[in-house]
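In: Below are the sequence and a predicted model; questions follow.
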Amino acid sequence: MKSPLRGPANVTEGLVGFLASAGAVVLVSAAIAVLDRWIPVLSLGVLYILAVMPVAVLWGLALASAVSVASMLAFNWFFLPPTHTFQLRDGANWAVLAVYLATAVVVSALAARARRRAELAEAREREAAARAAAELEAEALRRSDSLKTALLHAVSHDLRSPLTAIVAAASGLANPQVSLDEVDRRELVETIRIEAERLDRLVGNLLDLSRLRAGAVVPHPELWTVDDLVSRALDELGSRGDRVAVTFDEDAPPVEVDAAQLERVLVNLLDNALKFSDRSVELRVEADGDAVLLHVTDDGPGVADRDLVFEPFHSAGERRGAGLGLAIARGFAEANGARVWAEPSERGAHFVLELPVAARAPVVA
Amino acid sequence: MTRILVVDDEPQILRALQTSLRGAGYEVDTATTGEQALTAAAVRPPDAVILDLVLPDRRGTDVARELRAWSAMPIIVLSVVGDEADKVAALDAGADDYVTKPFGVDELLARLRAALRRAEPSGEPVLEIGDLRIDFDAHAVAFDGRSVQLTPHEYALLTLLARNEGKLMTHQAILREVWGRAYADESHYLHVYVSQLRRKLEPDPARPRYILTEPGVGYRLVDPLRAS
């Protein structure tokens, strides 16, 4: 920052300043010499302010003071009668010098202040920009941090519940103080099997999610009827699939998708609906022009935020799972040119899977 | 028959516990929410409650507090690793003990037996736990036959832990009982007195077998023979 009392910053600038100052004094002197014919010379001395002011603004107080003195001497020498002599005792001469100096001081101080303000504003702007950038970075970190926390929490909770059931059932089977009949024994073994499968599903979901995130999901599309896709998904759900009431549409044309991936989409949508509803879940197939729509509806608590529900680790409750299923469903659907969304619904949740109809004609067997 | 109320909203955990506890000779009631648990306990008061700390409708800690408001039945909470604050809150709310998920049925049965044993009042003037012998009338403590001299605070601390044999006592609960309410947060007192007690009682104070530390939660006095 420039101080109003500081002189030129370097040699080049100093030289330019000096030449400009000298030129300004010469120019003003020449102007006075011309104007002298019409205007009384004493009032023309004020014109030297035109030399002092630009120098004060551009090069600061030191040079402006020098220009003031030079102006005063030039005025004295060329114009104050008797000319070509210095008359330093002349009162008017001193007054002129005082006016020049005062002008130089005031103008250079004002100029410096304006410069300082401009510099401050610029610094503030830079600082604000830096702060905004830092905040953006912190926000990104926070988000990745909260994702990691959510992942840890979801995984630890979702791993622990099945593990607890497995350890309790297995230690119950092994404990000699616990006497079990054949039915009890079968029940405990069944618990171990069910919970081991749940663990397997969770691990599969985590792998799917990381593959989707890494963009490593490559679909191998083939022609499939929607009926086939639905029955594959129901098979996968096992006995839980019994609670799904399916309505087919005979007009539904075949679709061209990766069946294994679409099965994951359907299983996850149905799994989600079954988790939130104690009664039966409805799956309705509907042909709709160039697309086939699969509606999955349940009578559970419904969806609070129809977008957020597809975010990974967004779970409706502590005990409702890791919140991975719908995120994975959407990921696989989009990889296959399909879409999944939540419809607004009065009661329960209503999810729609839209499959694009196959472009090439189906081979009729 | 001793009846246990098991409260957990994970159906498979509930099923495994129910089957195992029944096999161990207990009668078992189950509940999947806090509301159900409170109703079940009121309609048919159980002899003990096994209570998960995370329930869909309310916190297990609150359920423990409400049960404790009208009943002295032992409450064992199921918690998870890392939830030390939750454990302490549940114990302060009146729970007797906790087991950490995942747990074996053996551990749960041992905790349950200890809790049920404590629930039976014993008016005995002399308490024997392993080699430890406390004569409450004479204010005398002996270990392995030799008499042990204790300061009044050490004696109060030891008798509190011994009367609650096997039960996990939180730092706060011990400090409140022995030193008074104003000292409830001065857990460094407690650490000092416990190490003094261990030096006077334990055969190997560096590897205590009677007064066990539950890190971040409290202390538990056990009979090393029965605990193993």
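Out: Sure, I can see it.

In: Enumerate the positions of stretch A:296-314 that are buried.
Out: If you call a residue buried by 16 or more other CB atoms under 10 Å in any protein chain shown, then stretch A:296-314 has these buried ones: A:296-300, A:302-303, A:306, A:309-310, A:312-314. (Each C-beta comes from the backbone N, C-alpha and C, glycine too.)

In: Just the C-alphas of that stretch, formatted as CSV.
Out: Only the C-alpha atoms of stretch A:296-314 are listed here, as CSV (Å, rounded to 0.1, in the frame of the first residue of the first chain):
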residue,chain,number,x,y,z
VAL,A,296,-45.1,-51.4,-6.6
THR,A,297,-47.4,-50.2,-3.9
ASP,A,298,-47.6,-50.9,-0.1
ASP,A,299,-49.7,-49.7,2.8
GLY,A,300,-46.7,-48.7,5.0
PRO,A,301,-45.9,-45.3,6.3
GLY,A,302,-45.2,-43.9,2.9
VAL,A,303,-42.3,-41.8,1.6
ALA,A,304,-41.4,-38.5,3.3
ASP,A,305,-39.1,-37.2,0.6
ARG,A,306,-39.5,-38.7,-2.9
ASP,A,307,-36.0,-37.8,-4.0
LEU,A,308,-34.1,-38.3,-0.7
VAL,A,309,-35.4,-41.8,-0.5
PHE,A,310,-33.1,-42.8,-3.4
GLU,A,311,-30.0,-41.5,-1.7
PRO,A,312,-27.7,-44.2,-0.3
PHE,A,313,-27.7,-44.6,3.5
HIS,A,314,-31.0,-42.7,3.7
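
In: Show me what that stretch is in contact with.
Out: A:147, A:150-151, A:153-154, A:209, A:269-270, A:273-277, A:279, A:281-284, A:316, A:322-324, A:326-330, A:340-345, A:347-353 (CB atoms under 8 Å, 6 or more residues apart in numbering or on different chains).

In: in chain A, what residue is nearest chain B?
Out: Nearest to chain B, among the residues of chain A, is residue A:172, at 3.1 Å (CB to the nearest CB).

In: burial count for residue A:100?
Out: 26 (other CB atoms under 10 Å in any protein chain shown).

In: what's it in contact with, if anything?
Out: For residue A:100, the contact set (CB under 8 Å, 6+ apart) comprises A:48-49, A:52, A:67-68, A:71-72.

In: circling back to that earlier point, any figure for the gap between the residue of chain A closest to chain B and residue A:126?
Out: Separation of residue A:172 from residue A:126 (CB to CB, to the nearest Å) stands at 68 Å.

In: who's more crowded, those two?
Out: Between residue A:172 and residue A:126, counted using other CB under 10 Å, the more crowded position is residue A:172 (30 against 10).

In: Phi and psi next, for the nearest residue to the more buried one once chain neighbours are set aside.
Out: Excluding the flanking residues, the one nearest residue A:172 by CB to CB, 6 or more residues apart in numbering or on different chains is residue B:20, at 3.1 Å. In terms of degrees, to the nearest 10, the main-chain angles of residue B:20 are phi -70, psi -40.

In: Show me which of the contacts of stretch A:296-314 are buried.
Out: Buried subset of the contacts of stretch A:296-314 (neighbour count, 16+ other CB under 10 Å): A:150-151, A:154, A:209, A:269-270, A:273-277, A:281-283, A:316, A:322-324, A:326-330, A:340, A:342, A:348-353.

In: ok so, going back, narrow the contacts of residue A:100 to just the buried residues.
Out: For the contacts of residue A:100, a burial check counting by 16+ other CB under 10 Å picks out A:48-49, A:52, A:67-68, A:71-72.
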